[in-house]
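Q: Mind folding the following:
(chains A, B, C and D)
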Protein chains: 2
Amino acid sequence: MKRGTLETLSGPDADGASYVLEEQIGHLLRRAHQRHTSLFQEKIGDIQLTPLQFAALIKLRDVDEVSQNQLGRMTAMDAATMQGVIHRLLARGLIERKRDSADRRRLQLSLSRSGQALVDECADIGNEISEQTLAPLEPEDRRLFLDMLSRLSF
Amino acid sequence: MKRGTLETLSGPDADGASYVLEEQIGHLLRRAHQRHTSLFQEKIGDIQLTPLQFAALIKLRDVDEVSQNQLGRMTAMDAATMQGVIHRLLARGLIERKRDSADRRRLQLSLSRSGQALVDECADIGNEISEQTLAPLEPEDRRLFLDMLSRLSF
DNA sequence: CGGCCATCGTTCGTGTACAAACAATCGGGC
DNA sequence: GCCCGATTGTTTGTACACGAACGATGGCCG
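A: Coordinates of the predicted model:
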C-alpha cells in the first residue's frame, strides 16, 4: 500500500534502531547536570542560591567590578538570562549596580557588603558540592574526567 | 578526624578563596550541555525538534505505548515538564493520546504515522550529533568518558 | 562633521526544569 | 462494601536558556 520510500518499514538492519537514548552524550550530560543542581539545592539549603546566582557572586568577588555583559561572558550566561539573575540578586541586596561614567551604556556591578559576606560563607559549601557531585568516581579519575569534560565545553 | 565547624573560616589555605568557577564540575557540565544543545539545533535544522522532544519520540518508538508518567521516567522528565513536551508534539501531530480503558487515570501515548516517519528520518542525525559532541575527545577516550559520565547521572 | 557599525542593556516569545498543590482514580486493608 | 494511601495527570509559580528585535550609546572612518 505504501510507496515512495521503499525501505521505510522497520528492516531488521541495525541502522536507525541503534540509537539508545541512555547511551547518548546529550542525555547523560543532562542527567548529570540535573543531579548536580539537585545536590546544589540540598547542600546550599536555607541560603537559597541557585548555581547561576552563586556563579555570578563568585565571579564578582574575583573581579570586583564588571558590566553585565562582561559578567555574562565570564559565567557563560546569555545577556537575556543575566537580566533575571541580576534582578534577583539586586532584590536581595547582594549586589549593587551603577552607571559607568566613562561609558554610559554600561552598568557596573559589584558585591554589596552582605553579598561579600555571603560569598565568604558559601565558598566552602561550593567545594563540598563539587566534591559530592564527583563522588561516584574514583579520586584518581576525577582530574582526568574534568579535563575531558572541559574539552567538551566550547 | 574532626568533622566540626571549627575550620570553616580558615584562611586562604586550600579551601575558601580557591573556588575557581571554571574548574567546577557543575559549571563544566552546564557548558558542555549548552554546547550539545547548540550542536543539536544546528544539525537538526529545519526539522525543528528539541533534544527533549527527540528523546520522547525515540522512546515511544522503542516501547510503542506508554503513559505520560512512564515516558517521563524513561526520559528523565518531570511530570510537569512532560506537559509542555507532549502538547507540542501533539500540536504537530507527531504523537497520539488516548485514555487507557483498564486504568482510566492513564493517557496512553503512541507515535503517529508521521511521527514514526520523522523518527526514522532523524535517528541517523541523532548519532551524528552525539559523535560531533564527543569530537574533541580522542576516539579511544570516548567510551571511558561516557562510562564515567553515566556514573554521575543518578 | 556625519554616517555606520558594534556594543550595551532590555524586552518578548518559546522551551526546559522542578516544587507544590489539586482532582480523579486505583489498590489494598479492614 | 469503605476508607486510606498511592498514582496519574494538571496547573501555578519560579528560575534558567536563548533567539530576535529594540533604543541608546560609543568608536571609527571617510
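
Q: which other helices and strands contact the strand or helix carrying A:H87?
A: Taking DSSP states H and E as the criterion, A:H87 maps to helix A:79-91. On a contact count with 3 or more Cβ pairs under 8 Å, 6 or more residues apart in numbering or on different chains; DSSP states H and E, helix A:79-91 meets helix A:51-63, helix A:68-74, strand A:95-99. For glycine as for every other residue, the C-beta is placed from the backbone atoms N, C-alpha and C.

Q: pLDDT (mean, whole number) over that helix?
A: For helix A:79-91, mean pLDDT is 97.

Q: now what about it, what contacts it?
A: Defining contact as Cβ atoms under 8 Å, 6 or more residues apart in numbering or on different chains, one finds that helix A:79-91 is touched by A:52-53, A:56-57, A:68-69, A:71-72, A:77, A:95-97, A:109, A:115.

Q: Per-residue pLDDT of A:F154, please?
A: For A:F154, pLDDT reads 73.

Q: do the same with A:G45
A: pLDDT, A:G45: 92.

Q: angle of the lengthiest helix in chain A against helix A:79-91?
A: As assigned by DSSP state H, the longest helix anywhere in chain A is helix A:113-134. Calculated by axes from the mean of the first three to the mean of the last three Cα atoms, to 10 degrees, helix A:113-134 forms an angle of 120 degrees with helix A:79-91.

Q: can you tell me if helix A:113-134 touches chain B.
A: Yes. Helix A:113-134 is in contact with chain B by Cβ under 8 Å from any Cβ of the partner chain, via A:D120, A:A123, A:D124, A:G126, A:N127, A:I129, A:S130, A:T133, A:L134.

Q: packing partners for that helix?
A: helix A:25-44, helix A:51-63, helix A:139-151, helix B:25-44.

Q: Enumerate the positions of it that are buried.
A: A:115-116, A:118-119, A:122-127, A:129-130, A:132-134 (16 or more other Cβ atoms under 10 Å in any protein chain shown).

Q: cool, and stretch A:95-109?
A: A:I95, A:E96, A:R106, A:Q108, A:L109.

Q: and if you look at stretch A:133-144?
A: If you call a residue buried by 16+ other Cβ under 10 Å, then stretch A:133-144 has these buried ones: A:T133, A:L134, A:P136, A:L137, A:R142.

Q: The first one against A:L39, yeah?
A: Yes. Here A:T133 reaches A:L39: they are 5.7 Å apart, a contact under Cβ atoms under 8 Å.

Q: near DNA strand C, which residues of chain A?
A: With the criterion set to Cβ under 7 Å from any atom of the strand, chain A comes near DNA strand C through A:30, A:34, A:37-38, A:41, A:67-70, A:79-80, A:82-83, A:86, A:103, A:105-107.

Q: Any of those buried? List them.
A: Neighbour counting by 16+ other Cβ under 10 Å classes A:R30, A:Q34, A:T37, A:S67, A:Q68, A:M82, A:I86, A:R106 among these as buried.

Q: A:M148: which of those residues is nearest?
A: Nearest to A:M148 among these: A:R30, at 17.4 Å, using Cβ to Cβ.

Q: Next one: that closest one from DNA strand D, what distance?
A: For A:R30, the distance to DNA strand D (Cβ to the nearest atom of the strand, to the nearest Å) stands at 10 Å.
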